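**Student:** A predicted structure for the sequence below; I have some questions about it.
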Amino acid sequence: MATAPNKTLPFTFRPMHVEDLPSVLDIERRSFRAPWSAGTFLAEMKNEWARLRVAVDTRRFIVGYINYWLVADEVHLLNIATHPDSRQQGIARHLIEQMFDEGRSHGCRLVTLEVRVSNHAAIALYNSFGFETVAVRVKYYVEDNEDALVMVAPIDGPGPQI
């Protein structure tokens, strides 16, 4: 499902391809303490539940990506990141909006995710979409024993607050 160029945004969205992996892995390494491997992304690309999308700028560079699952009547956000040089441009917000739209079109009723308790920027972004913390997974991140917040948002909630 490729999307048409967006007339108001300097980037477009499309499904992730194997050829995108070097760019996605670069963003992954720049974004996370324990980055996913190429093998993990390849496995996700074969997973029937998984949806992997990239954001591509006008120069045709990948500037962000998202990976989520559509399972039964839920969407589960696994991974989202924007290249450090392209942050604060609305890329992650638009990737999340598209995830909500796809979930809605598949009859999903809610979106779930886990996020590091220290990732204040991500938590603020998720809160702007109506996510609420419903639990804490103690020592969820094995590389440093950091806790994770479990957050949930209804698909047909109030929508993103800007």
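**Tutor:** On my side now, so go ahead.

**Student:** contacts and neighbour counts: CA atoms only from here.
**Tutor:** Noted.

**Student:** could you point out the longest helix in the protein?
**Tutor:** helix 91-105 (DSSP state H).

**Student:** gap between the two ends of stretch 33-50?
**Tutor:** Stretch 33-50 stretches 23 Å from its first residue to its last (Cα to Cα, to the nearest Å).

**Student:** now swap in stretch 100-111 and tell me
**Tutor:** Termini of stretch 100-111 sit 8 Å apart (Cα to Cα).

**Student:** give the buried residues for the longest helix of the chain.
**Tutor:** Ile91, Ala92, Arg93, His94, Leu95, Ile96, Met99, Phe100, Glu102, Gly103, Arg104 (16 or more other Cα atoms under 10 Å).

**Student:** go ahead and confirm the last one touches Ile155.
**Tutor:** Right, the one you point to is Arg104. Yes: with contact defined as Cα atoms under 8 Å, Arg104 counts as touching Ile155 (6.3 Å).

**Student:** OK, contacts around the residue positioned nearest the centre of the chain?
**Tutor:** The chain has Ile80 as the residue nearest its centroid, 3.0 Å off, counting by Cα atoms, centre = their mean. Ile80 makes contacts with Gly64, Tyr65, Ile66, Asn67, Ala92, as judged by Cα atoms under 8 Å, 6 or more residues apart in numbering.

**Student:** in this protein, which spans are helices?
**Tutor:** Counting by DSSP H, the helices of the chain are 21-31, 38-46, 91-105, 120-128.
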